[in-house]
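Visitor: this one's sequence-less:
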């Protein structure tokens, strides 16, 4: 049976598309093995738990970013929304609690909705709209507090992320996986998820079917804001403060995670499960590089190169298609 499968694989050949499909998984395993050999404590349970904890908020932000990218759009404001959602909520509810949780999620939801409406109504590229809104959200976050963080001293609120409903596993991991699973279901098993992917593949064909593509574009950006709003609650709970500028670092890492995970920047292929691989890959890389004493500058250079390489690989099938059309 194995020989038959091997023969079929050899007959099929290792096409570029197949390599692109498996490359994120190979990178994930390769990075783990490399750091486990270079620095054995890397592979200990305590460190793995730490990586998963750091990945939790990151995962929700990246999942939010995935929805616009699946449509061939982009949201450059996710990091700024993360900070503004947390700061606005903590400004009115400095003791945390239910009020802050609800307000942070509502602010994130409304921010994503505004992004989507502006993209659709102004008919401007999402790159331009969300870049402009990024500065708006940064202005809100820094304007309310003059750029300072807001401390939240509330043990019950801190328990949301730092407590352990399951012994040895911080709550932030559990909540993130629950929320992530809900949106994986939406993206894979509902009409909304299927239409978002279809629009990214061929928007004109979807329009000819009588489907309101603008509606689903707005939904995609709203999902982005909603997930970022939830992430802001978990981040504030974990840190014990609402960060005024900490969201800045999430944008770059998020874009890398989504693309390296295997979601096409052109839209139409990929998904949240691929983003999960990308998030684990980047989190593991950052953790390993820190453990072996690498500077943040070296890490940023390496991730920049990784992003360019990933986009180049994803673009190969599109280039091939254009070449075939011109022949």
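Guide: Looks like it came in fine. All values reported here derive from a predicted model rather than from experimental measurement.
Visitor: list the buried ones in the helix or strand where residue 135 lies?
Guide: For residue 135, the host element (DSSP states H and E) is helix 126-145. Using 16 or more other Cβ atoms under 10 Å as the burial criterion, the residues of helix 126-145 that qualify are 126, 129, 130, 133, 134, 137, 138, 140, 141, 142, 144. Just so you know, the C-beta spots here come from the backbone N, C-alpha and C atoms, and that holds for glycine as well.
Visitor: tell me where the model's unsure across the stretch 1-150 of the chain.
Guide: 1-20 (pLDDT under 70).
Visitor: what ranges do the helices span in it?
Guide: Counting by DSSP state H, counting those that start in this stretch, the stretch 1-150 of the chain has these helices, from start to end: 2-12, 16-38, 45-70, 78-92, 97-122, 126-145.
Visitor: just want the angle from the fifth one to helix 126-145.
Guide: Right, the one you point to is helix 97-122. For helix 97-122 against helix 126-145, the angle by axes from the mean of the first three to the mean of the last three Cα atoms, to 10 degrees is 140 degrees.
Visitor: other SSEs contacting helix 97-122?
Guide: With contacts taken as 3 or more Cβ pairs under 8 Å, 6 or more residues apart in numbering; DSSP states H and E, helix 97-122 sits against helix 78-92, helix 126-145, helix 155-162, helix 213-239.
Visitor: tell me the most buried of those helices?
Guide: Neighbour counts (mean count of other Cβ atoms under 10 Å) averaged over each of the helices and strands packed on helix 97-122 peak at helix 78-92, with a mean of 28.
Visitor: and that helix with helix 97-122, angle?
Guide: Using the same axes, to 10 degrees: helix 78-92 against helix 97-122 is 140 degrees.
Visitor: now helix 78-92 against helix 45-70, angle please.
Guide: Between helix 78-92 and helix 45-70, the angle comes out at 110 degrees (the same axes, to 10 degrees).
Visitor: what number of residues lie near residue 23?
Guide: Neighbourhood size, residue 23 [other Cβ atoms under 10 Å]: 16.
Visitor: average pLDDT for the helix or strand where residue 310 lies?
Guide: Assigned by DSSP H and E, residue 310 belongs to helix 296-326. Mean per-residue pLDDT for helix 296-326: 66.
Visitor: to residue 197, which of the helices of the stretch 1-150 of the chain lies closest?
Guide: helix 45-70 (5.6 Å; Cβ to Cβ).
Visitor: report the buried residues of that closest one.
Guide: Residues 47, 51-70 are the ones in helix 45-70 that count as buried (16+ other Cβ under 10 Å).
Visitor: go on, stretch 98-116?
Guide: 100-101, 103-116.
Visitor: dump the residue contacts of residue 232.
Guide: The neighbours of residue 232, taking Cβ atoms under 8 Å, 6 or more residues apart in numbering as the test, are 81, 82, 83, 85, 86, 89, 104, 108, 242.
Visitor: which among those gets closest to residue 248?
Guide: Residue 248 lies nearest to residue 83 out of the contacts of residue 232, by Cβ to Cβ, at 7.6 Å.
Visitor: and that closest one, what does it touch?
Guide: Residue 83 is in contact with 137, 138, 141, 232, 242, 243, 244, 245, 246, 247, 248, counting by Cβ under 8 Å, 6+ apart.
Visitor: what's around the residue nearest to it when sequence neighbours are not counted, how many residues?
Guide: The spatially closest residue to residue 83, leaving aside those adjacent along the chain, is residue 247, at 3.7 Å (Cβ to Cβ, 6 or more residues apart in numbering). Residues contacting residue 247 under the criterion other Cβ under 10 Å number 29.
Visitor: so what does residue 247 look like in phi/psi?
Guide: Main-chain dihedrals, residue 247, degrees, to the nearest 10: phi -70, psi -20.
Visitor: what sits against the residue nearest the centre of the chain?
Guide: The centroid of the chain falls nearest to residue 62 when counting by Cα atoms, centre = their mean (0.5 Å). By Cβ under 8 Å, 6+ apart, the contact set of residue 62 is 253, 254, 257, 258, 275, 278, 279.
Visitor: run a quick neighbour tally on the last one.
Guide: Burial measure for residue 279: 27 neighbouring residues, criterion other Cβ under 10 Å.
Visitor: OK, contacts around it?
Guide: 55, 58, 59, 62, 257, 261.
Visitor: tell me which of the contacts of residue 232 is nearest to residue 210?
Guide: residue 108 (31.6 Å).
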